[in-house]
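Asker: need the 3D shape of this:
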Amino acid sequence: MRWRSRLACVVFALAATAGLPGSAAAQPLGVLVVTPGASVDAVPVRLTTEKGCPRPATGYLATMKGHGLDDINVVATSDVSMSFSAGFEVHLGVTFKDIASDNNTTLQGSYVITLRCVDMFSQQSFGEFTATIDFPEPTKYVAQGKSKGPQRATNPVVPPEEVADQAAPLPGQTQPAPPAADQAAPAWSAPAAGQAAATSSGGGTTFLYIGGGVLALIAVAYAASSLRKRPKADSPDSASE
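Answerer: Got it, this is the predicted structure:
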């Protein structure tokens, strides 16, 4: 009876161990591409999986292992941008420089970055992508083999859909029209044609009145002068003649 009890304990222990998260050997899923492929330790780094995660996974996480780093977490558990049908991109939570500083170490030699497709609740792994990077100098790194990506990212940091949401109008709305040319003109504007005509005609009329008055005065003065020069018919001198 004693051996049966011991056998039962062994079976129970094996069953419990098999149920622990990550206890089973993780299935290799492919290469993890590092972008930039070679740079300094202070640049932001992106990781791109070779394909999508297997369907049982609900999220992912990434760790880094090497000199001074014992499989530390560099990407927190998340499901942002995760895909089951195609490769997807994630960002390291911190730069390599910050990782070295936070762990009081100097980066040197080879390191392995592993991105695991996991159950976000139990952390059970359903497969992993790996990348190997080398630090020939503490402040410079080079990704190895197929893990070496381009020097510059081909996609913007802000997801394209967010940029489109900020730039494009919402359904039913129209793009605001640019300000019209007359809105940019100075506040002063020329009088209308009718007003200009009225002003011009009023000024002409006034000028005619003044001119006529002057001519009338000249005529009166001329007539008075003529009368003064004409001899009187009834004067003694004219009679004697």
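
Asker: so which residues of this protein form strands?
Answerer: 28-35, 38-40, 46-49, 59-66, 69-78, 89-91, 109-118, 125-137, 140-143 (DSSP state E).

Asker: how deep is residue 40 tucked in, by neighbour count?
Answerer: Per other C-beta atoms under 10 Å, the neighbour tally for residue 40 reads 13. Backbone N, C-alpha and C define where each C-beta goes, glycine included.

Asker: wait, isn't it in contact with residue 140?
Answerer: Yes - checked against C-beta atoms under 8 Å, the pair residue 40 and residue 140 is within contact range at 5.7 Å.

Asker: now the strands of the chain in JSON lines, with distance to residue 218?
Answerer: JSON lines is the format used below for those (distance: least, C-beta to C-beta, whole Å):
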{"stretch": "strand 28-35", "distance to residue 218": "100"}
{"stretch": "strand 38-40", "distance to residue 218": "100"}
{"stretch": "strand 46-49", "distance to residue 218": "99"}
{"stretch": "strand 59-66", "distance to residue 218": "109"}
{"stretch": "strand 69-78", "distance to residue 218": "104"}
{"stretch": "strand 89-91", "distance to residue 218": "99"}
{"stretch": "strand 109-118", "distance to residue 218": "110"}
{"stretch": "strand 125-137", "distance to residue 218": "108"}
{"stretch": "strand 140-143", "distance to residue 218": "105"}
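
Asker: residue 101: which of those is closest?
Answerer: Nearest to residue 101 among the strands of the chain is strand 69-78 (12.1 Å), distances taken as C-beta to C-beta.

Asker: now do the contacts for the closest residue in space to residue 66 that isn't next to it in sequence.
Answerer: Nearest residue to residue 66, sequence neighbours excluded (C-beta to C-beta, 6 or more residues apart in numbering): residue 111, at 3.3 Å. Residue 111 sits next to 64, 65, 66, 67, 69, 132, 133, 134, 135 when contact means C-beta atoms under 8 Å, 6 or more residues apart in numbering.

Asker: report the beta-bridge partners for residue 111.
Answerer: residue 66, residue 133 (DSSP bridges).

Asker: ok, which of the strands of the chain comes nearest residue 103?
Answerer: So among these, strand 69-78 is nearest, using C-beta to C-beta, at 6.0 Å.

Asker: could you tell me the angle between the closest one and strand 59-66?
Answerer: Inter-element angle recorded for strand 69-78 and strand 59-66: 160 degrees (by axes from the mean of the first three to the mean of the last three C-alpha atoms, to 10 degrees).

Asker: I'd say residue 95 and residue 43 touch.
Answerer: Yes - with contact defined as C-beta under 8 Å, residue 95 counts as touching residue 43 (6.6 Å).

Asker: residue ranges with poor pLDDT in this protein?
Answerer: Along the chain, the model assigns pLDDT under 70 to residues 1-25, 153-217, 219-241.

Asker: residue 32 against residue 49, yeah?
Answerer: Yes - at 6.2 Å, residue 32 and residue 49 qualify as touching, with contact defined as C-beta under 8 Å.

Asker: which residues do the two both contact?
Answerer: What both residue 32 and residue 49 touch, as defined by C-beta under 8 Å, 6+ apart, is the set 115, 129.

Asker: for ChimeraX, what selects the buried ones among the contacts of residue 111?
Answerer: A single ChimeraX command selects the buried members of the contacts of residue 111 (16 or more other C-beta atoms under 10 Å):
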select :64,66,69,132,133,134,135
